[in-house]
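Engineer: missing the sequence, but the structure's below:
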């Protein structure tokens, strides 16, 4: 018999370096989940991301157990790393803050492919290029 799902929680946290501080602690605490156990399992599962923000989808069951699914890092985080910038532009259509190459866009698209709504790599690249434009990052080449 399947367990009864009581909540689905979506969060973003640094991979391998999560702490019980907000946003994780309060989100899990209100559903009665053992926060320490989650942090330990999450950090072990995301050790290779080493501080890069990743998405998490946590399913909480009626008996206060949980399962979680780790998503790829957000496109904006990957673009900021590739361009070497701290944040996107406030006015992206007028003020450009960085540049990325087509090869970097392809690498980001390959990383994000399973989480994007695209059938092939070319469409995934176009989605990433759109994210770059909306951040004020130019795509070269």
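Structural biologist: Thanks, I have the structure now. Keep in mind that this is a model prediction, so the values were computed, not measured.

Engineer: Any stretches of this structure with poor pLDDT?
Structural biologist: By pLDDT under 70, the low-scoring segments of the chain are 1.

Engineer: For this protein, just list every one of the strands.
Structural biologist: Secondary structure of the chain (DSSP state E): strands at 5-14, 53-61, 66-70, 98-101, 137-140.

Engineer: Just the buried positions in the longest helix seen in the chain, please.
Structural biologist: Counting by DSSP state H, the longest helix found in the chain is helix 121-135. Within helix 121-135, the residues that count as buried by 16 or more other C-beta atoms under 10 Å are 124-125, 127-129, 131-132, 135. (C-beta placed from N, C-alpha, C; glycine too.)

Engineer: what does stretch 64-84 give?
Structural biologist: Buried residues in stretch 64-84, defined by neighbour count with 16+ other C-beta under 10 Å: 66, 68, 72-76, 78-80, 82-83.

Engineer: now stretch 46-61
Structural biologist: So, applying 16+ other C-beta under 10 Å, buried residues of stretch 46-61: 46, 49, 52, 54, 56, 58, 60-61.

Engineer: what about that stretch, how long is it end to end?
Structural biologist: Its first and final residues considered, stretch 46-61 spans 22 Å by C-alpha to C-alpha, to the nearest Å.

Engineer: For it, give me every contacting residue.
Structural biologist: Here stretch 46-61 makes contact (C-beta atoms under 8 Å, 6 or more residues apart in numbering) with 3-18, 27-28, 31-33, 38, 42, 66-74, 77, 81, 115.

Engineer: Let me know the distance separating residue 132 from residue 18.
Structural biologist: 28 Å (C-beta to C-beta, to the nearest Å).
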